[in-house]
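Engineer: Return a 3D structure for these sequence lines:
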Amino acid sequence: MPIEGVSRSFKDISATFKVNPINRDMIVLKNTNAIARSVRNLILTVPGERPFNPVLGSNINNLLFEPIDKFTSTAIKSEIINTLTNFEPRIKVSKVTVTPKVDALLYQIGIQYTIIGLPVPAQELNFSLESTR
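Structural biologist: Numbering: from 1, shown residues only. Sure thing, here's the model as predicted:
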């Protein structure tokens, strides 16, 4: 169980690696945007993909090639909750919904979470997952 701490702000480097035209420094994501990007990246990272941290990430990629049904949806939901609980100590997950869309061959993902240490309302992140091979 992660220890809950108090922080004043969170910053991450933008994945675009664009340069700020005013100060010529890299663009950064702050607070809610930084955490939303981190949550999505953790879910989409395959274990072994990050150097020096072979366990970071989730096995959702393997589940996307299983039949699109309630059983696989439940497995994806569990994988999301486990991944975020283990690797993102800045949030507390409130709710995860995984809706299979059989006609579109994808899953609609909804994640509700609160940010520990920031006085902001609960956050919600929505995106789709589909197999790409």
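Engineer: Near residue 93, how many other residues are there?
Structural biologist: Per other C-beta atoms under 10 Å, the neighbour tally for residue 93 reads 17. All C-beta spots, glycine's among them, are computed from the backbone N, C-alpha and C.
Engineer: For it, list each beta-bridge partner.
Structural biologist: residue 113 (DSSP bridges).
Engineer: residues in contact with it?
Structural biologist: Residue 93 sits next to 81, 84, 85, 111, 112, 113 when contact means C-beta atoms under 8 Å, 6 or more residues apart in numbering.
Engineer: for residue 56, same thing?
Structural biologist: Residues near residue 56 by C-beta under 8 Å, 6+ apart: 42, 45, 47, 49, 50, 87.
Engineer: Any chance of the backbone angles for the fourth one?
Structural biologist: This points to residue 49. Per-residue torsions, residue 49: phi -80, psi -30 (degrees, to the nearest 10).
Engineer: now the residue lying closest to it once chain neighbours are set aside: how far from residue 130?
Structural biologist: Closest residue in space to residue 49, ignoring its immediate chain neighbours: residue 57 at 6.1 Å, by C-beta to C-beta, 6 or more residues apart in numbering. Distance of residue 57 to residue 130, given as C-beta to C-beta, to the nearest Å: 18 Å.
Engineer: Equivalent analysis for residue 80, please.
Structural biologist: For residue 80, the distance to residue 130 equals 15 Å [C-beta to C-beta].
Engineer: Noted, bye for now.
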